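S.K.: What follows is a predicted structure for the sequence shown.
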Amino acid sequence: MRTQTSSLRSKDLLGIEHLTPEEITLILDTAEGFKEVSERPVKKVPALRGQLVINLFMEASTRTRVSFEIAEKRLSADTLNFTASGSSVEKGETLIDTAENLMAMAPDMIVIRHKYPGAPKMLADRLPASIINAGDGAHEHPTQALLDAFTIRERLGRLHGVNVSIIGDIAHSRVVRSNIHLLTKMKANVTVAGPPTLIPVEIEKLGVRVLHSIDEAIDGADVIMMLRIQLERQGKLRFPSLREYYNTFGLTPQRLRRAKEGVIVMHPGPMNRGVEIASDVADGPWSVILDQVTNGVAVRMAVLYLLGGAHRE
Amino acid sequence: MNVKKRLLDGARMHRAIRRMAIEIVEKNRGITDLIIVGIRSRGVPIGERLAKEIEEMEGHPVPFGILDITLYRDDLTTIAPQPVVKPTKLPEPIDDKVVVLVDDVLYTGRTVRAALDALIDFGRPRAVMLAVLIDRGHRELPIHADVIGKTVPTDADEVIKVRMAELDDEDEVLIMEK
């Protein structure tokens, strides 16, 4: 029998880097229990009744914010959304001041998205509330990696030994960093591929194989994870044109035809159709992109539930 | 903890469950609209065995489901670490059905309170019955069982341990002393 652990060690979820394989398994197993809640006629359980969760989104987000909000509501938590625009942040308030003011309202948990890496950790060190990182700069996006792992496990039955190829803008992606940590901890084989200008030097030290050809990356992969070209994070384009990128690194039905049978295609969204992925692939039978969105709610419910009891002893 | 007394062995547990199955069918005058729902974790094997006994008696299968009540516990905010959550699996809609909730031990009644809340989120049964293998008294809520395998007067510092072959290698019920 595999080792059982029934709680997370930290009051916060700041990244995958510091989780143990047992903690990852606990979150994924718990999420299975929560997936069923979203299929009920009454999609709500009283687990976090009376707890206040503040969603502090200092950077644009639709999918993640909505997903967290649904997860919180399905657990009966009270939720409060705080975004940078139209708030005291525009008047020059620092993150710490914002957080301490919010803390005076006694939230139990704060979900934070911020453009600066480490912002969630700064809050976690200073505040008694549980902090959940919903993406900090190019650092980590732990719940995305967890929902990706959940989806892979659901489709392929395991993570151990699965060949995962992550293709695209590796340099600017927090999703890829969290995914590399998670997948290597769970003993999956990770390959990253993209143009050399979009792959950080020495990334192979994280235990991944580096390729510069999408066709080689597709060969033998059980999972193909496409990443968005993050135009907003690049000062200027690191390749000649979007069309050239599509021709060289875009996932097309022709390329996918050479893939292993039963391959699944993932994308953390939002997609740039016709840049990193062809519409026929995104909407095709290989795609589990919308499963990822559905599973995101279950995984976030699991994280909220597991952290919800941690600091109230 | 020391074993104070063995309340039931495998053979006596089997007879108790068979008698409970007969009582369930009698009280409902048959098995029309009946659903057996076991409360995790020991209520599941007991419920499965009840459903099997009823099927053997009546010649028709009875729908069987599993209820996880973790998220409905009234002590969820005070216990740490958080208990493990598992899925609830109901075989069909429970609207207008007679649901027989099954658990191993009836004690304070709080588990049953949570189970009723969980169940009602899935629909509106015509009636809910409670079947337990052991009723040990000390209720803290106005809840009673309709079908009981064995009633045992206990002290509050005693622990009833139900072991089921499906989960614990062996069928037996023990009274333990702290």
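M.R.: Ah, there it is. If you're wondering where the values come from, they're calculated on a predicted model, not measured in any experiment. Numbering: from 1, shown residues only, chains lettered A, B, ... in the order given.

S.K.: CA only for contacts and neighbour counts going forward, please
M.R.: Fine.

S.K.: so what's B:Ile134 up against?
M.R.: B:Ile134 is in contact with B:104-106, B:148-152, counting by CA atoms under 8 Å, 6 or more residues apart in numbering or on different chains.

S.K.: what are the bridge partners for it, then?
M.R.: When assigned by DSSP bridges, B:Ile134 has beta-bridge partners B:Val105, B:Lys150.

S.K.: State the distance from it to B:Leu167.
M.R.: Separation of B:Ile134 from B:Leu167 (CA to CA, to the nearest Å): 18 Å.

S.K.: So which residues on chain B come close to chain A?
M.R.: Within reach of chain A by CA under 8 Å from any CA of the partner chain, chain B has these residues: B:71-73, B:76-88, B:121-123.

S.K.: Filter these down to the buried ones, PyMOL style.
M.R.: This is how PyMOL selects the buried members of the residues of chain B next to chain A, with burial counted by 16 or more other CA atoms under 10 Å in any protein chain shown:
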select buried, chain B and resi 71+72+73+76+77+80+81+82+83+84+85+86+87+88+122+123
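
S.K.: between the contacts of B:Ile134, which is nearest chain A?
M.R.: Nearest to chain A, judged by CA to the nearest CA, of the contacts of B:Ile134 is B:Asp104 at 22.0 Å.

S.K.: ok, now how distant is that closest one from A:Met266?
M.R.: Applying CA to CA to B:Asp104 and A:Met266 gives a distance of 44 Å.

S.K.: The two: which is more packed in?
M.R.: A count of neighbours by other CA atoms under 10 Å in any protein chain shown puts B:Asp104 above the other of B:Asp104 and A:Met266, at 28 against 23.

S.K.: Correct me if wrong: A:Ile131 contacts A:Ala119.
M.R.: No: here A:Ile131 lies out of contact with A:Ala119, judged by CA atoms under 8 Å, at a distance of 10.3 Å.

S.K.: who's more crowded, those two?
M.R.: Between A:Ile131 and A:Ala119, counting by other CA under 10 Å, A:Ile131 is the more crowded of the two (27 against 19).

S.K.: For whatever helix or strand that one lives in, which outside residues touch it?
M.R.: In the assignment (DSSP states H and E), A:Ile131 maps to strand A:130-136. Residues from elsewhere that reach strand A:130-136 (CA under 8 Å, 6+ apart): A:11-15, A:64, A:108-121, A:123-124, A:140-143, A:174, A:307-308, A:311.

S.K.: Just the buried residues of the residues you listed.
M.R.: For the contacts of strand A:130-136, buried by 16+ other CA under 10 Å: A:11-15, A:64, A:108-115, A:117-121, A:123-124, A:140-143, A:174, A:307-308, A:311.

S.K.: Helix or strand: which one has B:Ile35?
M.R.: strand B:34-39.

S.K.: what lines up beside that strand in the sheet?
M.R.: Short version: by DSSP bridges, strand B:34-39 pairs with strand B:64-67 (parallel), strand B:98-106 (parallel).

S.K.: which of these is buried the deepest?
M.R.: Of all the strands paired with strand B:34-39, strand B:98-106 has the most neighbours on average by mean count of other CA atoms under 10 Å in any protein chain shown, namely a mean of 25.

S.K.: any idea of the mean pLDDT for that one?
M.R.: On average, the pLDDT along strand B:98-106 is 97.

S.K.: so how far is that strand from its chain's centroid?
M.R.: Put simply, strand B:98-106 sits 3 Å off its chain's centre (CA atoms, centre = their mean, to the nearest Å).

S.K.: now swap in stretch A:241-260 and tell me
M.R.: 24 Å.

S.K.: Identify each buried residue in that stretch, please.
M.R.: Buried-residue list, stretch A:241-260, by 16+ other CA under 10 Å: A:245-246, A:248-253, A:256, A:259.

S.K.: swap in stretch B:19-27?
M.R.: For stretch B:19-27, burial by neighbour count (16+ other CA under 10 Å) applies to B:19-25.

S.K.: So which of these sit within strands?
M.R.: Nothing among the buried residues of stretch B:19-27 maps onto strands, per DSSP state E.

S.K.: Now render these as a markdown table, adding pLDDT.
M.R.: Shown next, in a markdown table, are these (pLDDT from 0 to 100):
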| residue | pLDDT |
| --- | --- |
| B:Arg19 | 97 |
| B:Met20 | 98 |
| B:Ala21 | 98 |
| B:Ile22 | 97 |
| B:Glu23 | 97 |
| B:Ile24 | 97 |
| B:Val25 | 97 |
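
S.K.: okay, now residue 10: neighbour count?
M.R.: All of this refers to chain A. Neighbours of A:Ser10 (other CA under 10 Å): 14.

S.K.: Hmm, no, I was thinking of chain B.
M.R.: With other CA under 10 Å as criterion, B:Gly10 counts 15.

S.K.: what does the model give it for pLDDT?
M.R.: B:Gly10 is given a pLDDT of 95.

S.K.: Please report how far it lies from chain A.
M.R.: Distance, B:Gly10 to chain A, by CA to the nearest CA, to the nearest Å: 26 Å.

S.K.: Please name the nearest non-neighbouring residue to that residue.
M.R.: Closest residue to B:Gly10 apart from its sequence neighbours, by CA to CA, 6 or more residues apart in numbering or on different chains: B:Asp171 at 4.7 Å.
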